[in-house]
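> Okay, here's the prediction I keep looking at, along with the sequence it came from:
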Amino acid sequence: METFFSSRAVRSLHTENEDVLQGIVELLLDEPSNHIPELRLVVDGSKEPGDGRYEFVDIFIPAQTTAVGSDQMCVVMELKNATLEGLWKGADNRKPGYKDLESLREALCGENESTLLSRKYTPWSQGDIGWKRTTMTLKSIMEAGVEQLKRHMQTIALGKVRSYSAPGVLDDRVNIDLGLDDLQGYVFMAIGGVRVLVRPLEPVQSECRYVRALQL
C-alpha cells in the first residue's frame, strides 16, 4: 500500500477518503474475486435499521475451500484513513497551500510510529459539509478501530442470524455452515497517503465455516 501511495501526487491524496482507500485495498488483494466488501452484520437485534441495528465489515475474506477437515483462517479487515488535509487541520487552522501539504507529507515519511499516533486530526463531516470542531489523535482513532473490529469478529463468530432479534451475519454473499474456522482481524490505518500502520488482533475461534457464495 505504501508503495502504491508513493507514486501518487499530493493533490490526489490530500482529501482521499475511506471509500477510495477501500477501493485501493481491494485492487491490491491477491484474490479479488474471493473477498467480500461491506459484509453486513446485525450487531444489535433490539434496534431498528438506521438506529444501530446493522454494522458493516470493510473487507471479509472467507475460507478458500469447502473440504472436510480443512478449517482455515478467515480475514476480517477494518480500514481507517487520515487525510493530509485533516492532519493539517489538526495542527494548524489556516488553509494549507500545496507546499504546506508537500512538507507535511515529507515529515510523515520520517516519523516513527509513536510520533505518528500522537498527531492530532480533524475529520471532515459530510453531514455538516465542513470540518468537525472535534480534534482527536490518530492513536484514539486506531484504538476505536480495534474495538470496532473486536465487536465485528465476535459477531461473525456467532454465524448466521437465527431470528430477527439475534446478532450475527446477514449477508447472502457468504455461506456459513458448521466448522472451526478462525477469524484473524487487522486494522489498517492509512496516514496522509504515505504511511500505513497495521494492528493485528488475537484470532477468534468460531464454530462455523465461512465460504464465498457462488455468484450467478
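All right, it came through fine.

> Now do the buried residues in stretch 107-115.
residue 108 (16 or more other CB atoms under 10 Å). For the C-beta atoms, the positions are set from N, CA and C on the backbone; glycine is no exception.

> swap that for stretch 170-184, sorry
Those would be 171, 173-176, 179, 181-184, for stretch 170-184 by 16+ other CB under 10 Å.

> Next up, phi/psi of residue 195, please.
When read as degrees, to the nearest 10, the backbone of residue 195 gives phi -120, psi 150.

> Residues contacting stretch 187-199, please?
Outside stretch 187-199, the residues within contact range by CB atoms under 8 Å, 6 or more residues apart in numbering are 1-2, 5-6, 8, 10, 12-14, 16, 21, 25, 77-84, 87, 104-105, 108-109, 111, 113, 116-117, 138, 141-142, 145-146, 149, 186, 201.

> how distant is stretch 23-31 from the center of its chain?
13 Å (CA atoms, centre = their mean, to the nearest Å).

> mind exporting it as CSV, just the C-alpha atoms?
Taking only C-alpha atoms (Å, rounded to 0.1, in the frame of the first residue of the first chain), the coordinates of stretch 23-31 have been written out as CSV:
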residue,chain,number,x,y,z
GLY,A,23,-11.1,0.5,-3.4
ILE,A,24,-7.3,0.6,-3.4
VAL,A,25,-7.1,-2.2,-0.9
GLU,A,26,-9.5,-4.3,-2.9
LEU,A,27,-7.5,-3.8,-6.1
LEU,A,28,-4.3,-4.9,-4.3
LEU,A,29,-5.7,-8.1,-2.9
ASP,A,30,-4.3,-11.3,-4.4
GLU,A,31,-7.7,-12.9,-4.7
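
> which outside residues touch that stretch?
Taking CB under 8 Å, 6+ apart as the rule, stretch 23-31 contacts 1, 4, 32, 35, 37, 59, 61, 64, 77, 79, 188.

> And stretch 173-180, by the same measure?
Taking CB under 8 Å, 6+ apart as the rule, stretch 173-180 contacts 36, 39, 60, 62-63, 71, 159-160, 169, 205-213, 215.

> This completes my enquiry, with thanks.
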